[in-house]
Each structure stands twice: as structure tokens, then as C-alpha cells.
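*Asks:* Here is a sequence together with a model predicted from it:
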Amino acid sequence: MGIPSTPGAFLDAPKGKTFAPMDTLDPRNAMVYIYRPITRWGYEEVQAPVFFMDSSQLFGLKAGAYEWLELPAGTHDFYARRPLSVLYLKMVFEMPLKVDGGQEYFFRYSETRPLDMEELVANPEDYQQAGPLQQVPRALALREIADLRLDEPGVYYGGDDVKEKRWAPFYTYSTE
């Protein structure tokens with residue numbers, strides 16, 4: 001586990017480019033966007049929550065920011081912890097993140113304003129959720145994420161247990 005490195009928006013507001021969809025480097029992977037709407041409480045944070053995948057530290061997520069994550073298909077241990085100085089004091093959420101290759105996923109992080117998924121979608125059980133992290137429909141996410149800024153470079157996460165060869169544009173793959 002690394003040292004918390006992302007100051008909150010109170011100290012360093014996100015300054016990157018506004019949202020633009022990304023293509024995956026490998027078409028067998030999933031693209032996951034995680035965003036955090038702007039809230040007053042979020043802008044008063046000194047340190048942003050830090051996200052992890054399979055015990056690897058990925059990024060901190062400030063209010064008004066988004067991050068992208070390219071993942072191989074499968075189930076990954078995904079969680080966030082709240083830092084205090086150089087310690088991680090609290091687990092914010094933990095979930096088995098399930099993704100299919102070639103798909104796009106949007107996750108909304110809000111500790112103060114969660115959405116009522118039963119009002120938004122016909123089958124809320126089809127959407128992943130853990131604590132303040134909610135998978136949301138693409139149309140809703142695109143409205144909310146449009147003006148948010150990329151705070152850190154996105155992450156291509158290959159994981160330690162991925163056995164497939166790296167994708168190349170002229171390889172042919174079996175359909176098995």
C-alpha cells in the first residue's frame with residue numbers, strides 16, 4: 001500500500017482537461033470511468049479518498065474530477081480508503097468489480113448525494129454498488145461528467161494474474 005499522495009480539492013482543485021471518452025488500448029478490455037460530482041463538502045477535503053484494485057494503489061478522487069481505468073475482463077477487488085496524512089484510517093467501500101471485455105462502465109462516487117437507483121432504472125440490481133460508489137447509466141453519467149476534469153492520468157491496469165498476450169492490431173484470436 002503506497003503513501004497517500006492526492007491532496008483534496010481544498011488544497012489543489014482538479015485542473016486537467018474536461019471529460020472526453022477514451023478508447024481502450026486492447027479491445028478485449030473494459031473501460032471504466034469513475035467520477036465525483038462537485039459538492040461543497042468535497043471541495044473542503046484536505047485529502048481525497050484513494051482507490052485501490054487488487055491491493056494496488058490507483059489514484060485519489062477529488063470533488064469535481066474523474067478518472068478512467070482500463071481493465072481486463074473479469075472480477076477485481078476494488079475499494080477505496082480515506083487517508084489521514086500518511087495513514088489509511090477508514091475503508092470507504094469494498095466491492096468485487098465485475099467487468100466484461102469491450103464494455104464501458106460509469107461509476108459515480110458521492111458520499112453526500114447518492115442516487116436512488118430505483119427511481120432511475122427499471123432493474124437496479126443490474127447495477128453494481130458499494131457504499132458511496134454507484135454504477136450509473138451512460139446517459140446520466142455523460143450529463144454529470146461533462147464538465148468534470150481529469151485530475152491524474154488514467155490507469156491501464158493489467159493485473160498480476162492476466163495470462164493473455166498483449167493485444168496487437170494484426171493478431172487473430174480464436175473465438176473460443
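*Replies:* On my side now, so go ahead. Numbering: from 1, shown residues only.
*Asks:* Please count neighbours and contacts with C-alpha atoms only from this point.
*Replies:* OK.
*Asks:* For the protein, which element, helix or strand, carries the lowest mean pLDDT?
*Replies:* Lowest by mean pLDDT, DSSP states H and E among the helices and strands of the chain is helix 40-43, with a mean of 61.
*Asks:* how about the strands in this structure?
*Replies:* Applying DSSP state E to the chain gives strands spanning 29-36, 50-53, 56-60, 65-72, 74-84, 87-99, 104-109, 129-130, 133-135, 149-150, 155-156.
*Asks:* from the chain's centre, how far out does the fifth one sit?
*Replies:* I take that to be strand 74-84. 10 Å (Cα atoms, centre = their mean, to the nearest Å).
*Asks:* Partner strands of it and their direction?
*Replies:* strand 50-53 (antiparallel), strand 87-99 (antiparallel) (DSSP bridges).
*Asks:* Any idea which residue is closest to the centre of this structure?
*Replies:* Nearest to the geometric centre of the chain sits residue 34, at 3.2 Å (Cα atoms, centre = their mean).
*Asks:* Show me what stretch 19-32 is in contact with.
*Replies:* The contact list for stretch 19-32, computed with Cα atoms under 8 Å, 6 or more residues apart in numbering, reads 66, 68-73, 99-107, 145-150, 166-168.
*Asks:* Kindly recompute the last result at 10 Å.
*Replies:* For stretch 19-32, the surrounding residues in contact (Cα atoms under 10 Å, 6 or more residues apart in numbering) are 33, 35, 65-74, 98-107, 135, 142, 144-150, 154-158, 166-169.
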